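Undergrad: coords please:
(one chain, ligands or ions: 3)
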Amino acid sequence: MSKSPILRVAIDTPLARLFDYAAPAGPPPGSLVPGVRVRVPFGPRKVVGVLIEVSDQSELPPNKLRRALSILDTQPVLDAELLELLRWAWRYYRHPPGEVLAAALPASLRKGGDALATVTTWHVTPAGRATNLTAMARRAPKQAAVLATLCRTDGATDEVLSRHEGSWRAAAKALLDKGLAEKRQSLSAGVAPPADITPGPQLNAAQRDAVTAIDAAAGRFESLLLHGITGSGKTEVYLHAIESVIARGEQALVLVPEIGLTPQTIRRFSNRLGVPLAVLHSGLAAGKRLSAWRQARSGECPVVVGTRSAVFAALKNPGIIVVDEEHDASFKQHEGFRYSARDLAVVRARKLGIPVVLGSATPSLESLENARRERYRLLPLPQRPGAAKPPSVRLVDTRGEPGESGISGNLLRAMQRHLTAGGQVLLFLNRRGFAPAWFCTECGWSAQCMRCDARMTYHRQRDLLRCHHCSSERPPENTCPDCSNPLIPVGQGTERIEEHLADRFPEVPVIRIDRDSTRQRGELDRLLSRVRSGDPCILVGTQMLTKGHHFPGVTLVGVLNADQGLFGTDFRANERLAQMIVQVSGRAGRAERAGEVLIQTSCPEHPLLTRLLEDGYTGFAGEALDERRASHWPPYTSLALLRANAMDNDAPFAYLGAALRAGEPLAADGVELLGPASSVMQRRAGRYRAQLLVQSPTRSALHRFLDRWAPLLPDLAGARKVRWSLDVDPQDLQ
Ligand code: ADP
Ligand code: ZN
Ligand code: ZN
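TA: Ligands and ions are numbered 1, 2, ... in the order given. Next up is the predicted model:
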């Protein structure tokens, strides 16, 4: 008698293993394929898991082995290629398989929803389009009305027709019989292609070379690093490369930073490529996410654009992966499954045997090092196309400058000049709120968060103190609890700058763009379109302004406080500051007008700033890489960070101490364990935080160590008294 096969199933739990089940009774032949979903009993619950392997034996004794309830799919929801990538990812990042798979599947599929359901959509045929609607309206008004709706929409669903046309079915049937309309089964209504494709500009020589190199990599793995200064036309290069991919009948996967996935970006892609776009990001409602997922998987959408988790998009026929702004920190997930979508994009492309293009004006030092070692092919775009000139950049020494509200006289005069000449001004300050401190000038007391080692930020509009680390809020104290003197807001936040400028420059609008001012859906787009109108205005904003947006009317950029990044504690602080300065400077003078950039600092002789100004980002990066090599930081070493936190300060240290003792005998080939030490912000949201750093001269030695060490971590003494996580290739050591 043949034994029933054993199913090894990934289940969305924090346990770092697969679970064995006996196959359900009488599974349809051929249905036990890895990648199909399986409904199984799990403790007292029934859950949906994904079949990873079929085996003929289990370590469980037969009486412990439970039987799976049913197989949910006739075809795998995760094909062999994607399963292989996910398997690689859970091993590399040492993360529980079930949680890794959950990252790749839309929520409705994780709950057992139908992967293949289709909807009927109605379309106009060419004959229908050629019909004279006015003439038809006289004979058959209902048919004419329905036909008119079909001409306007591409792929109207039954629901849309009912909403617009009331009882429409008889008319639609008549149109169908006459060949004026047709019915199709599609996976959903996606971002429909526009009626007309907008042609792009003629490429310049550097862009053409880049496109040629990408085209030449078709059908094989190659990593290409497109290093183009801001406004040099990187997106045009992607668009051309993607056109060839579509022409070959293949799909393009485009990853953009969280903040870069604006309606503007999507419009630009769809207007140029003229194909339906599947858009994937975490903010999508479940239904939309599922339909985008289906369209990507079925190949119905040749272009898939998304943020971080879109690296796991199911694709029918992938031909290229593009990672725009590859240096952006949002490609790394900072909690739970801590993967880097940029790195996984490269891994996926290698497994698929297709090219991957990483683009940035300020590539990460890791990618530049890969280009130096000729693992990545460097494609430079050193100039802006046409008449657009790079901006001139100057430092403004704020020592002894009698500024107003953090804006120096130099900068104020420049603002006046640019506004009078009809330009727009952009001021960058990486601090939301009104003031970063609520302060007693008598004794120096300042309002602290009760739950974090951090100051509260004063928000004037809401008249609240708010902690930017744990989001707790409270009304501001009126008088100092220590000396009873009145308290005042000290320092500058975007809200305060906005208020000050509205007084100072009453003749122009002041537009603030930060997380507070754009909380409402559609608000960012609305503010940006006001800027794009081109009239003189002052833009004040945070990080949100430095990424991806084009402000052709901006002729002056002011960085209000570069000092914030100069003395960071993290080994990446320099790199982040240089990227921020270059990115925000790049917003100036994109069109015909030359731009000017003023950077305020109290430390104008700082080597980072002088190097950046004299030699640009490449010069800075060369020096920063030398420093990293000298001080044994990535990319010359590989890191993993074990973090732990708890309500008291001892538990994290006890746990990390146990981890250290377990790790020391296993550390070989130069692997070192450093710590445990308190995190830079020791207490956050009421929890005490500490960490243990693993540093290795090579990636392979790190992973040999992790192979033996990581499995011990869940069972170490004190593991249950802390929340702990292992971060492989951490982006920051905070
Ligand atoms: P990036 O992605 O590098 O920031 P974009 O591709 O968005 O740059 O190009 C910046 C601007 O320059 C856009 O308005 C784009 O239409 C324009 N542009 C790009 N390439 C050319 C070209 N070869 N000739 C003229 N304009 C171009
Ligand atoms: Zn006081
Ligand atoms: Zn707090």
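
Undergrad: how far does stretch 486-502 stretch from start to finish?
TA: 26 Å (Cα to Cα, to the nearest Å).

Undergrad: that stretch: which residues count as buried?
TA: Neighbour-count burial for stretch 486-502 flags 487, 489, 491-501 (criterion: 16 or more other Cβ atoms under 10 Å). Yep, even glycine has a C-beta here, placed from its N, CA and C like the rest.

Undergrad: which of those residues fall within helices?
TA: 494, 495, 496, 497, 498, 499, 500, 501 (DSSP state H).

Undergrad: of the residues you listed, list those near ligand 1.
TA: By Cβ under 6 Å from any ligand atom, no member of those lies near ligand 1.

Undergrad: in a markdown table, list the residues you listed along with pLDDT and distance to residue 701.
TA: Listed next are those as a markdown table, based on pLDDT from 0 to 100; distance: Cβ to Cβ, whole Å:
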| residue | pLDDT | distance to residue 701 |
| --- | --- | --- |
| 494 | 95 | 45 |
| 495 | 95 | 49 |
| 496 | 95 | 50 |
| 497 | 95 | 49 |
| 498 | 96 | 51 |
| 499 | 95 | 55 |
| 500 | 94 | 54 |
| 501 | 95 | 54 |
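
Undergrad: closest one to residue 211 out of these, please.
TA: Ranked by distance to residue 211 (Cβ to Cβ), those are led by residue 494 at 39.3 Å.

Undergrad: how about that closest one, what does it touch?
TA: By Cβ atoms under 8 Å, 6 or more residues apart in numbering, the contact set of residue 494 is 429, 431, 432, 433, 512, 514, 516, 540, 541, 542.

Undergrad: now it: how far from residue 516?
TA: In this view, residue 494 and residue 516 are 8 Å apart by Cβ to Cβ, to the nearest Å.

Undergrad: do residue 654 as well
TA: Counting by Cβ to Cβ, the gap from residue 654 to residue 516 is 40 Å.

Undergrad: with residue 165 instead?
TA: Residue 165 sits 43 Å away from residue 516, going by Cβ to Cβ.

Undergrad: let me know whether the lengthiest helix in the chain sits next to ligand 1.
TA: Assignment by DSSP H gives helix 607-630 as the longest helix of the chain. No: using Cβ under 6 Å from any ligand atom, we find that helix 607-630 stays clear of ligand 1, coming within 13.5 Å at best.

Undergrad: that helix: what's the following helix or strand?
TA: Next along the chain after helix 607-630, taking DSSP states H and E as the criterion, comes strand 638-646.

Undergrad: out of the buried residues of stretch 486-502, which is nearest to ligand 3?
TA: residue 493 (16.3 Å; Cβ to the ion).

Undergrad: about what we covered before: so between residue 654 and residue 516, which is more surrounded?
TA: residue 654 (20 against 17; other Cβ atoms under 10 Å).

Undergrad: the more buried one belongs to a helix, doesn't it?
TA: Yes: counting by DSSP: H, G, I helix; E, B strand; the rest coil, residue 654 is part of a helix.

Undergrad: where does the chain have low pLDDT?
TA: 1-3, 27-29, 117-118, 154, 186-195, 387-388, 402, 548, 589-593 (pLDDT under 70).

Undergrad: where is the longest strand in it?
TA: Ranked by residue count, the top strand of the chain under DSSP state E comes out as strand 672-684.

Undergrad: centre of the chain to the helix or strand following it, how far?
TA: Next along the chain after strand 672-684, taking DSSP H and E as the criterion, comes strand 687-696. How far strand 687-696 lies from its chain's middle: 25 Å, per Cα atoms, centre = their mean, to the nearest Å.

Undergrad: so what strands line up beside strand 687-696?
TA: With DSSP bridges as the test, strand 687-696 is paired with strand 638-646 (antiparallel), strand 672-684 (antiparallel).

Undergrad: downstream of it, the next helix or strand is which one?
TA: Next along from strand 687-696, by DSSP H and E: helix 699-709.

Undergrad: ok, the residue nearest to residue 491 when sequence neighbours are not counted - contacts?
TA: Leaving aside its sequence neighbours, residue 491 sits nearest to residue 436 (Cβ to Cβ, 6 or more residues apart in numbering; 4.3 Å). Contact analysis of residue 436 by Cβ under 8 Å, 6+ apart lists 455, 457, 458, 490, 491, 492, 493.

Undergrad: enumerate every residue touching the last one.
TA: Contacts were defined as Cβ under 8 Å, 6+ apart; by that measure residue 493 touches 429, 431, 432, 433, 434, 435, 436, 457, 458.

Undergrad: tell me, how many residues neighbour the residue in the stretch 151-300 of the chain that ligand 3 sits nearest to?
TA: Residue nearest to ligand 3 within the stretch 151-300 of the chain (Cβ to the ion): residue 258, separated by 22.7 Å. For residue 258, the neighbour count with other Cβ under 10 Å is 15.

Undergrad: got TSV for the buried residues of stretch 486-502, with distance to residue 54 too?
TA: Output for the buried residues of stretch 486-502, formatted as TSV (distance: Cβ to Cβ, whole Å):
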residue	distance to residue 54
487	67
489	64
491	62
492	62
493	58
494	57
495	59
496	63
497	62
498	61
499	65
500	67
501	66
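
Undergrad: tell me the one among these nearest to residue 690.
TA: residue 491 (29.5 Å).

Undergrad: hmm, the closest one is touching residue 437, no?
TA: Yes: counting by Cβ atoms under 8 Å, residue 491 does reach residue 437; the two are 5.3 Å apart.

Undergrad: just the strands in the stretch 451-600 of the chain please.
TA: Taking DSSP state E, counting those that start in this stretch as the criterion, the stretch 451-600 of the chain contains strands spanning 457-459, 464-466, 473-474, 488-490, 510-513, 538-541, 554-559, 596-601.

Undergrad: who does residue 724 bridge with?
TA: Under DSSP bridges, the beta-bridge partners of residue 724 are residue 644.

Undergrad: most neighbours among the contacts of residue 493, which one is it?
TA: Most neighbours among the contacts of residue 493, by other Cβ under 10 Å: residue 458, with 27 neighbours.

Undergrad: in contact with it, which residues?
TA: The contact partners of residue 458, by Cβ under 8 Å, 6+ apart, come to 433, 434, 435, 436, 437, 438, 447, 464, 465, 476, 489, 493.

Undergrad: for this structure, what lies in contact range of ligand 2?
TA: Counting by Cβ under 5 Å from the ion, the chain comes close to ligand 2 at 440, 442, 443, 445, 480, 482, 483.
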